[in-house]
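Asker: give me a 3D structure for the following:
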Amino acid sequence: MESWDLYEMLSPIVLLIITIVSAFLTRFIHEKTKNATLAGMLGRLNEVIWDEVRAAEQVAVAGIKAARDPSSDGGVKITKAEGDKIKRDVLDRIKDNFGMAGLQKLGKILGLDGHGMAEMIEAKVEATVLSVGANP
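Answerer: Model prediction:
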């Protein structure tokens with residue numbers, strides 16, 4: 001009879017401990033999954049940005065420079081308007097390759113709205129352009 005009293009007394013405590021441990025494990029698994037998803041998405045975004053900037057450098061910029069006469073005013077440099085168009089094209093291809101749903105999901109995880117995501121991507125493009133220019 002005494003063991004039954006002990007069981008009745010300890011069962012709510014054991015149940016509480018199990019509930020707390022379950023909640024902790026659920027939260028831990030959710031955070032690990034969220035972090036892994038975020039890392040994967042950011043890695044893919046960086047890869048897409050790098051690929052698109054390199055492609056633009058190889059195709060658009062090199063083509064414009066090759067068509068120019070080096071002895072002309074400005075030499076073989078591209079104009080600001082040409083650079084802006086290339087940048088818009090790169091940004092459009094990044095959005096197409098990553099997908100709007102992917103960008104929205106990444107923005108939600110990072111806590112960024114559409115404008116914040118656009119600014120982040122533009123900053124990454126600019127940094128990649130500098131990196132590509134430094135390591136042709």
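
Asker: need the contact list for Ile49.
Answerer: Listed by Cβ atoms under 8 Å, 6 or more residues apart in numbering, the contact set of Ile49 reads 94, 121, 124-125, 128. In short, each C-beta sits where N, CA and C put it, glycine included.

Asker: one more pass at 7 Å, please.
Answerer: For Ile49, the contact set (Cβ atoms under 7 Å, 6 or more residues apart in numbering) comprises 94, 124-125, 128.

Asker: any idea which helix or strand carries it?
Answerer: If you go by DSSP states H and E, Ile49 is part of helix 2-56.

Asker: and the spatially closest residue to Leu112 that is not a sequence neighbour, which of the three is it?
Answerer: Leaving aside its chain neighbours, Leu112 sits nearest to Met120 (6.5 Å; criterion: Cβ to Cβ, 6 or more residues apart in numbering). Here Met120 is helix, with the state taken from DSSP: H, G, I helix; E, B strand; the rest coil.

Asker: distance of Met120 from Glu52?
Answerer: Computed as Cβ to Cβ, to the nearest Å, the Met120 to Glu52 distance reads 15 Å.

Asker: next one: Asn35
Answerer: Distance from Asn35 to Glu52, counting by Cβ to Cβ: 26 Å.

Asker: which of those two has more neighbours?
Answerer: Glu52 (21 against 11; other Cβ atoms under 10 Å).

Asker: so that one makes contact with Val90?
Answerer: Yes - in this structure Glu52 lies within contact range of Val90 using Cβ atoms under 7 Å: 4.9 Å.

Asker: which intervals of the chain have sub-threshold pLDDT?
Answerer: Within the chain, the stretches with pLDDT under 70 are 1-4, 6-7, 68-76, 133-136.
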